[in-house]
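# fold the following for me, if possible:
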Amino acid sequence: MKTDDLIHLLARGAGPAPRGVAVRRLAPSAAVGLVASSLLALLLLGWVPLALYEQFAPWFKLVYAGALALAAGWLAAQLGRPLPRTGGPLLAVAAVLAGAALTGLAGWSQMPASERMPALLGHSWSTCPWNVLGLSLPALAAAMWALRGLAPTHLAQAGAAAGLFAGALGAFGYALACTELALPFVAAWYTLGVLLTAGLGALLGPRVLRW
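Sure thing, here's the model as predicted:
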């Protein structure tokens, strides 16, 4: 059989490629990850007192984590394709991270010098990143499952994007239980927890996403 004949045979009746496949796979993983991280945080650590929501910091945590999850989910959806277009998603991720960093620096600059280090370290700096990482694991497993059903070719990058996505969801869940109120604390240690999850995803990607 000639090559052209084989191509026509394989393409016969194929129809247009389905649209929105990545979103349809990643959306359930986002829901599973968000519910799991939130429930684990609330069961293990308890609720943030509602009175704290009169301040800016708890809302900043949720907005930061939610915006990063959206940007990282967009990046993961692109990297689930054989020929990803990552320019826009990477810019969105960078913008969210930069916005968080600038907010933290603004809070830092407005504090008296004697209060800066206590605000940065809070009472849980040594556990916060690991809590975010731990609460992100259900979302990471779900995101990896979602990407395995797509066609990623850049496996380490796809795994890192899944980790970034999962880390943001874990940070959202942790924010519901975390009582730290200093903006530099959130910008530093929440971000570190998310990046640790992205690093874990990058390590797992070549092993888990191979097809």
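
# which residues in this protein form helices?
Assigned by DSSP state H, the chain shows helices spanning 3-11, 21-45, 56-79, 87-109, 113-121, 128-148, 155-175, 183-185, 191-208.

# can you give me the neighbour number for residue 150?
The number of residues packed near residue 150 is 19, by other CB atoms under 10 Å. Backbone N, C-alpha and C define where each C-beta goes, glycine included.

# residues contacting it?
21-22, 25, 80-81 (CB atoms under 8 Å, 6 or more residues apart in numbering).

# so how far is residue 81 from it?
Relative to residue 81, residue 150 is positioned 7 Å away (CB to CB, to the nearest Å).

# overlap in contacts of the two?
Common contacts of residue 150 and residue 81 (CB under 8 Å, 6+ apart): residue 22.

# returning to what we had before: now, of the contacts of residue 150, which are buried?
Burial by neighbour count, 16 or more other CB atoms under 10 Å: within these this picks out 22, 25, 80-81.

# show me what contacts the residue most central in space within the chain?
Nearest residue to the geometric centre of the chain (CA atoms, centre = their mean): residue 165, 2.2 Å. Counting by CB under 8 Å, 6+ apart, residue 165 makes contact with 26, 30, 69, 72-73, 75-76, 139, 143.

# farthest pair within the contacts of residue 150?
25 and 81 (11.9 Å; CB to CB).

# picking up where we left off before, now the contacts of residue 165 in TSV, with pLDDT?
Output for the contacts of residue 165, formatted as TSV (pLDDT from 0 to 100):
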residue	pLDDT
26	89
30	89
69	97
72	97
73	95
75	96
76	95
139	96
143	94
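
# nearest to residue 198 among those residues?
So of those, ranked by how close each gets to residue 198 (CB to CB), first place is residue 72, at 8.2 Å.

# just checking, the closest one touches residue 160?
No. Using CB atoms under 8 Å, residue 72 is not in contact with residue 160, being 9.4 Å away.

# so which bits of stretch 169-176 are buried?
For stretch 169-176, the neighbour count (16+ other CB under 10 Å) marks 169-176 as buried.

# from those, pick the one nearest residue 196.
residue 170 (10.0 Å).

# please name the nearest non-neighbouring residue to that closest one.
Excluding the flanking residues, the one nearest residue 170 by CB to CB, 6 or more residues apart in numbering is residue 136, at 2.9 Å.

# now do the contacts for the one you found.
For residue 136, the contact set (CB under 8 Å, 6+ apart) comprises 33, 37, 163, 166-167, 169-171, 193-194, 197.

# now it: how far from residue 127?
14 Å.

# cool, residue 34 as well?
Applying CB to CB, the value for residue 34 to residue 127 is 21 Å.

# ok, those two, which is more surrounded?
Taking other CB under 10 Å, residue 34 and residue 127 do not tie; residue 34 has more neighbours (21 against 12).

# pLDDT at that one, what is it?
On pLDDT, residue 34 comes in at 93.

# that one against residue 174, yeah?
No. Between residue 34 and residue 174 there is no contact under CB under 8 Å: 11.6 Å.

# lowest-pLDDT helix or strand in this protein?
Lowest mean confidence among the helices and strands of the chain (mean pLDDT, DSSP states H and E): helix 3-11, at a mean of 50.
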